[in-house]
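Visitor: Sequence and predicted structure below; questions after.
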Amino acid sequence: MTQAVRHDSMRARNLGVVLGEVRRSGPVTRAALAEMTGLTKTTVSKMVADLLAAGMVTETGVPSRGERGRPGTAVALSGGRVAALGLEINVDYLSACVVDLTLEVRLRRARAVDNRAASPVETLSHLREIAREAVEEARSLGLVVAGSTLAVPGPVDDGLVHSAPNLGWRDVHVGELLDGLLTPLPTVDNEANLAALGELWFGSGHRDFLHVSGEIGIGAGLVVDGALFRGSHGLAGELGHVVVFPDGPPCRCGGRGCLEQYAGQEALLRAAGAGTVEELAGRLREGDAAALAACERAGHALGLALTSAVHLFDPGTIVLGGVFAPLFPWISGAVLETTAARLSAIRDAVPDLAVSRLGGDATALGAAGQVIHRIIADPVAYVTASRTAPAGSKPR
């Protein structure tokens, strides 16, 4: 039994190594894979055969001529079968997206919902409807959703949302409430962390940056050398609750003068007298004085909070996402002016300030991308399912 376990463990490792190298270097031949991975050609051929059967790689039909001897047929990741579901619960909407193994976005869904007026059970029930629609549409495209990740606006530990003040949630066991609603059971993670991963995998390509996601709440995710920094308890990035004005208005977190009270979506709209972000952007384009003043105030507060973040983490780039993306032309100037005034005395340069191309999609994309990266790192369960499935069926 010990030998069988060891053999299964080695096979799992080899599958992950081969698939990971195909992702990094593909299209690539079996001979090149053997050289890159240090595995024998026989082992690589067996692993590639398994991955082909599972629909995770495909033969490109293009022979590779960069090697000695007879040209070989290259293999590459396949986007035709395996997919991941990214889900997001935010204060005023629910969203879902499906991404295939090549990180191509195959579909997006979003629904405006006031989740503050609903219990966690009601919110998750609505989420199940959106998830089911996305999975069924993915199936119509020939895709099998192999897993999902759910993003929530609050610190998360093993499926437990410690506190999501903008939802009114505290110590909500999301994993338990989802049991039976979604299969397989999603991984639950913080929305700001997943937005940062979305930016890393689908956005700018920066490998060292601080991503700031502006919604009703404000979160941040720090990426260092291509990896997310979570902190010792997984609670890093609560930028929205950094105090910028100690005598400011009370915040839902229990503090006063938090950044969220000046630069969060609701604070921005209230100060501008606008009903939606689209209306605010339209008024900004028209030069409306109240709208411009609201963005100036928000940018100043955001610059104060980011000054502290720069002192602590020294990011090379700060990426503004979420609602800050469409408002970037009017908010970025105040951010840069404030940070430069407070950093220039001890720094030769301030971090670059960039706008996310993903905007509000970053979180759901990061959630789906997290699943894809897990599958590529450990594809054995999916490959095994494909080998044991009845003829003509697809693995789930």
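Guide: Sure thing, it's come through.

Visitor: wait, what's in contact with the nearest residue to Gly221 once chain neighbours are set aside?
Guide: If you skip the residues right next to it in sequence, Gly221 has Ala196 as its closest partner in space, 2.5 Å away by C-beta to C-beta, 6 or more residues apart in numbering. For glycine as for every other residue, the C-beta is placed from the backbone atoms N, C-alpha and C. Ala196 is in contact with Phe209, His211, Ser213, Ala220, Gly221, Leu222, Val223, Leu228, Gly237, Ala362, Gly366, counting by C-beta atoms under 8 Å, 6 or more residues apart in numbering.

Visitor: Let me see the contact set for the fourth one.
Guide: So that's Ala220. When contacts are counted by C-beta under 8 Å, 6+ apart, Ala220 touches Ala192, Ala196, Leu210, His211, Val212, Ser213, Gly237, Glu238, Leu239, Ala309.

Visitor: Nearest to Ala74 among those?
Guide: The shortest distance between Ala74 and any of the contacts of Ala220, using C-beta to C-beta, involves Ala196 and amounts to 33.0 Å.

Visitor: just the CA coordinates of the stretch of helix or strand that closest one belongs to, formatted as PDB?
Guide: Using DSSP states H and E, Ala196 sits within helix 191-202. What follows is helix 191-202, C-alpha atoms only, in PDB (Å, rounded to 0.1, in the frame of the first residue of the first chain):
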ATOM      1  CA  GLU A 191     -12.400  40.400  -2.600                       C
ATOM      2  CA  ALA A 192      -9.400  42.800  -2.400                       C
ATOM      3  CA  ASN A 193      -6.900  40.000  -2.500                       C
ATOM      4  CA  LEU A 194      -8.600  38.400  -5.400                       C
ATOM      5  CA  ALA A 195      -8.800  41.700  -7.200                       C
ATOM      6  CA  ALA A 196      -5.000  42.000  -6.900                       C
ATOM      7  CA  LEU A 197      -4.600  38.500  -8.300                       C
ATOM      8  CA  GLY A 198      -7.000  39.400 -11.100                       C
ATOM      9  CA  GLU A 199      -4.800  42.400 -11.900                       C
ATOM     10  CA  LEU A 200      -1.700  40.200 -11.800                       C
ATOM     11  CA  TRP A 201      -3.100  37.500 -14.100                       C
ATOM     12  CA  PHE A 202      -5.400  39.400 -16.400                       C
END
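
Visitor: so what secondary structure elements neighbour the helix or strand following that helix?
Guide: Note on helix 191-202: by DSSP H and E, the next helix or strand toward the C-terminus is strand 209-214. For strand 209-214, the contact count by 3 or more C-beta pairs under 8 Å, 6 or more residues apart in numbering; DSSP states H and E identifies helix 191-202, strand 218-224, helix 289-313, strand 317-322, helix 362-377 as packing neighbours.

Visitor: Report the inter-axis angle for the helix or strand containing Leu268 versus strand 209-214.
Guide: With the criterion set as DSSP H and E, the secondary-structure element containing Leu268 is helix 265-272. Angle between the axes of helix 265-272 and strand 209-214 is 60 degrees (criterion: axes from the mean of the first three to the mean of the last three C-alpha atoms, to 10 degrees).

Visitor: who are the neighbours of the helix or strand that comes right after helix 265-272, in terms of helices and strands?
Guide: Reading on from helix 265-272 to the C-terminus, the next helix or strand found by DSSP H and E is helix 277-285. Here helix 277-285 is seen to pack against helix 265-272, helix 289-313 when contacts are counted using 3+ C-beta pairs under 8 Å, 6+ apart.

Visitor: then helix 277-285 to CSV, C-alphas only?
Guide: This file holds the C-alpha atoms of helix 277-285, laid out as CSV (Å, rounded to 0.1, in the frame of the first residue of the first chain):
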residue,chain,number,x,y,z
VAL,A,277,-21.0,56.1,-10.7
GLU,A,278,-22.1,56.5,-14.3
GLU,A,279,-24.0,59.7,-13.5
LEU,A,280,-21.0,61.0,-11.5
ALA,A,281,-18.6,60.3,-14.4
GLY,A,282,-21.0,62.1,-16.8
ARG,A,283,-21.2,65.1,-14.6
LEU,A,284,-17.4,65.1,-14.3
ARG,A,285,-17.1,65.2,-18.1
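
Visitor: Of all the residues in it, which ones are buried?
Guide: Of the residues in helix 277-285, Val277, Leu280, Ala281, Arg283, Leu284 count as buried by neighbour count, 16 or more other C-beta atoms under 10 Å.

Visitor: for stretch 129-146, same thing?
Guide: Of the residues in stretch 129-146, Ile130, Ala131, Ala134, Val135, Ala138, Leu143, Val144, Val145, Ala146 count as buried by neighbour count, 16+ other C-beta under 10 Å.

Visitor: so what's the backbone phi/psi at Pro165?
Guide: Taking degrees, to the nearest 10, you get phi -60, psi -30 for the backbone angles of Pro165.

Visitor: Looks like it contacts Cys258 (just checking).
Guide: No. Under the criterion of C-beta atoms under 8 Å, Pro165 lies out of contact with Cys258, with a separation of 10.1 Å.
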